[in-house]
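K.L.:
fold the stuff below for me.
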Amino acid sequence: MGKIWTGLMTASLLWAILGGNAPLAAQSVLESGGQAVTLMLRLAGAMALWSGLMEILFRAGDMTRLGRVLRRWLRPFLPGLTDEESWNLMGANLAANILGLGNAATPAGIQAAQRLATQGEAGLRGLALLLALNHSCLEVMPTTVITLRAAAGSAQPGSIWGPTLLSSGAATLTALALMAWRGRRRA
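P.N.:
This next block holds a predicted model:
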């Protein structure tokens, strides 16, 4: 990947020099660097806010309660999975993803995957379901994307809420249907 990136950058630089646009290209690079730092600071603030909220939800036990609700819905897909800690980690991961906090969901997802991988056949089915649900990613509140849109100057950064909910909901239902179909096919 580094070679591809280097090749593209070299080709762009040569194109700018040959086209007589080297000063404009240099100015664009400098301006883009400043914009990247500004965007990073805005995202860091939003991530700190939402990560702090997640920590409060964890400590208050709300994430555990949400995990129990998710467990009730997912138990039919994983009848042999009995490890309580795996269920708690899966619930925390999925709850964070539902709230659009992918960065806060990652640690719980990694821990859940590590635990599930040691649980035999039921754990591997749980791992497959966790991966399917993470990739389809139902998002009730796409906080990171809304933050990016606000940072980019969008007049209505939250206007993506409805389409995001519909598309991510359809993807999640499709993932669950495929997992159910696959489970029945194996039985």
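K.L.:
pLDDT at I146, what is it?
P.N.:
We have a pLDDT of 85 for I146.
K.L.:
how about stretch 80-87: buried residues?
P.N.:
Of the residues in stretch 80-87, L81, D83, S86, W87 count as buried by neighbour count, 16 or more other Cβ atoms under 10 Å. The C-beta positions use only the backbone N, C-alpha and C, and glycine is treated the same way.
K.L.:
helix or strand for A48, which one?
P.N.:
Per DSSP states H and E, A48 falls inside helix 22-60.
K.L.:
quick one: that helix to chain centroid distance?
P.N.:
Computed by Cα atoms, centre = their mean, to the nearest Å, the chain-centroid distance of helix 22-60 equals 17 Å.
K.L.:
helix or strand with the lowest mean pLDDT in the protein?
P.N.:
Every helix and strand of the chain was ranked by mean pLDDT, DSSP states H and E. The lowest is helix 62-74, at a mean of 79.
K.L.:
report the buried residues of the helix holding A48.
P.N.:
Buried-residue list, helix 22-60, by 16+ other Cβ under 10 Å: A46, M47, W50, M54, L57, F58.
K.L.:
and if you look at stretch 3-20?
P.N.:
A16.
K.L.:
ok now that stretch, how far from the chain's centre?
P.N.:
Worked out by Cα atoms, centre = their mean, stretch 3-20 lies 33 Å from the chain centre.
K.L.:
dump it to CSV, restricted to CA.
P.N.:
Provided in CSV are the C-alpha atoms of stretch 3-20 (Å, rounded to 0.1, in the frame of the first residue of the first chain):
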residue,chain,number,x,y,z
LYS,A,3,4.2,1.9,-2.8
ILE,A,4,0.8,2.7,-4.3
TRP,A,5,0.5,5.8,-2.1
THR,A,6,4.1,6.9,-3.0
GLY,A,7,3.4,6.3,-6.7
LEU,A,8,0.2,8.4,-6.6
MET,A,9,1.9,11.2,-4.7
THR,A,10,4.8,11.2,-7.1
ALA,A,11,2.6,11.2,-10.2
SER,A,12,0.5,14.1,-8.7
LEU,A,13,3.6,16.1,-8.0
LEU,A,14,5.0,15.6,-11.5
TRP,A,15,1.6,16.4,-13.0
ALA,A,16,1.5,19.7,-11.0
ILE,A,17,5.1,20.6,-12.0
LEU,A,18,4.5,19.8,-15.7
GLY,A,19,1.2,21.7,-15.8
GLY,A,20,2.7,24.8,-14.2
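K.L.:
cool, thanks, signing off.
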